[in-house]
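Peer 1: everything below, folded, please.
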Amino acid sequence: MNINIRENIKPMSYLMNNSLEAIKSVKETKNPLILTQDGSACGVFMDMDSYQSMLDAISMLKIIQVSESAIANNDIHASGEVFSELSENKTEVDKPRLHFSDFSFAKSRELTKGYKGSFADSVLDERAEQR
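Peer 2: Now for the predicted structure:
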């Protein structure tokens, strides 16, 4: 996205009077329009693909943030260690251990509530089905 601020800042009246042109512009260029009212920025008008991409990026950043927090708190276990323990003890493990991906899954699901349809949401749904 290459935004030219001078071309992309428009008064709210521009959107009201030129809505079809504005829609066509944001669809073609993928650049949002920054809308102003009384000379101050008041909103952003953007195409749906860019908006969905932004939501997906936010969801992924939240997942990364939770993962980094888990690492910082040493709330992780090497996957090889976990799989080895599970294969050795084909029965239920006495004291279940929290695997890094399990922690991330639980926290990510919690953090991304409300981002239905996002990439992160679909990844988390797939992860839930695997359980």
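
Peer 1: packing partners for the longest helix along the chain?
Peer 2: Taking DSSP state H as the criterion, the chain has its longest helix at helix 48-72. Under the contact definition 3 or more CB pairs under 8 Å, 6 or more residues apart in numbering; DSSP states H and E, helix 48-72 sits against helix 100-111, helix 119-130. Heads up, the C-betas are built off the backbone N, CA and C, glycines and all.

Peer 1: mind listing what's buried along that helix?
Peer 2: Within helix 48-72, the residues scored as buried using 16 or more other CB atoms under 10 Å are 50, 53, 55-56, 59-60, 62-63, 66-67, 70.

Peer 1: tell me how many other residues surround the closest residue to residue 11 other than its chain neighbours.
Peer 2: Counting by CB to CB, 6 or more residues apart in numbering, residue 11 lies nearest to residue 36, which is 5.2 Å off, once chain neighbours are set aside. By other CB atoms under 10 Å, 16 other residues sit near residue 36.
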